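Enquirer: Quick one, structure for this:
(one chain, ligands or ions: 1)
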Amino acid sequence: MSIDLKNLTRIPKHVALIMDGNGRWAQERGLSRIEGHKEGAQSVRAVLRAAAQAGVEFITVYAFSTENWKRPPQEVDGLMKLLISSLNAYEQELHDNNIRLRIMGQFERLPLPVRMRLQKTIDATAHYTDHTFIIALSYGSRTEIADAVKKIAEKVKKGELKTKSIDEQTIAEHLYLPDVPDPELMIRTSGELRLSNFLLWQLSYSEFYITDTYWPDFREEAFFEALEAFNRRDRRYGGIKKQEP
Ligand code: FPP
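Expert: This next block holds a predicted model:
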């Protein structure tokens, strides 16, 4: 079944994705885990293209969590190398579709060659305004919130902020990317029903779409299906459904 984008009346401005199942995809084929990640990197590219086509402004992918540092060094090293080669492969795509690259997470914890490669593309695409591609790298939502609290505490200490004026907006303004709107849709592949420390604050009101498809098999059509499912949802933000007259 192919999806006609023209029939989608609501396109989410921001879609966040938990790319799970690379390891299982590889295992089922008798391949190494890194082969699964490589195939997964092709899905990232497909989703970027599909999102640009559908008019989604922001895409955030969970590429490496703070917990992922505990994986075997060989896999961590393979993922870092893959990140560099993927950026080389995506670069043209970013320019062609007016996509700005941004990173969220502990940038300074990444190996120097990765930081340098990322910075090059961040700078080269900084002027694009149509779309934003955010890679969550060495990212953990609880750390992000703790970092925000530290920044707020510093301001209170310096007398720049009053404790009683701290509200939800204050927290949101001190997260890593305060200018980025909250995702309206969160997609998780490979069927797990967990948030895994991803955007805990920002996903408070998001619609969740969980699919059994492994990330390496999640391509354009799968992304459009998720958009279609989003179109069928009724978002109420804690309110009540509008009554028919
Ligand atoms: C989770 O699958 C996936 C990851 C930890 C890495 C995701 C990384 C990529 C798709 C590589 C490229 C990304 C970019 C942005 C260039 P898993 O290994 O936990 O799978 P499993 O649960 O089946 O073992």
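Enquirer: Kindly report the residues of the chain close to the ligand.
Expert: Residues of the chain lying close to the ligand (CB under 6 Å from any ligand atom) are 19-24, 37, 40-41, 44, 61, 63, 68, 82-83, 86, 135. C-beta here means a position set from N, CA and C on the backbone, and glycine is covered the same way.
Enquirer: Mind checking which of these are in strands?
Expert: The strands in this structure, assigned by DSSP state E, contain V61, A63, I135 from the residues of the chain next to the ligand.
Enquirer: contacting residues for the closest residue to the first one other than its chain neighbours?
Expert: In space, and not counting its chain neighbours, V61 is closest to L17: 5.0 Å by CB to CB, 6 or more residues apart in numbering. In this structure, L17 makes contact with V47, I59, T60, V61, Y62, M186, I187, R188, T189, judged by CB atoms under 8 Å, 6 or more residues apart in numbering.
Enquirer: What residues does the third one make contact with?
Expert: Residues in contact with T60, defined by CB under 8 Å, 6+ apart, are H14, V15, A16, L17, M104, I134, I135, A136, V180, P183, L199.
Enquirer: Which members of those occur in helices, if any?
Expert: Counting by DSSP state H, no part of those is found in helices.
Enquirer: between the residues you listed, which is closest to the ligand?
Expert: Distances from the ligand to those, taken as CB to the nearest ligand atom, are shortest for I135 (4.8 Å).
Enquirer: Quick check: the gap between that closest one and G191.
Expert: As for I135, its distance to G191 is 23 Å (criterion: CB to CB, to the nearest Å).
Enquirer: Tell me the predicted confidence for the spatially most central residue of the chain.
Expert: Taking CA atoms, centre = their mean, the centroid of the chain lies closest to T60, which sits 2.1 Å from it. Listed pLDDT for T60 reads 98.
Enquirer: What strand or helix carries K150?
Expert: Take DSSP states H and E as the rule and K150 turns out to sit in helix 141-157.
Enquirer: And that helix, what's buried?
Expert: S141, T143, E144, A148, I152 (16 or more other CB atoms under 10 Å).
Enquirer: can you check stretch 67-86 too?
Expert: Neighbour counts over stretch 67-86 (16+ other CB under 10 Å) mark N68, R71, G78, L79, M80, L82, L83, S86 as buried.
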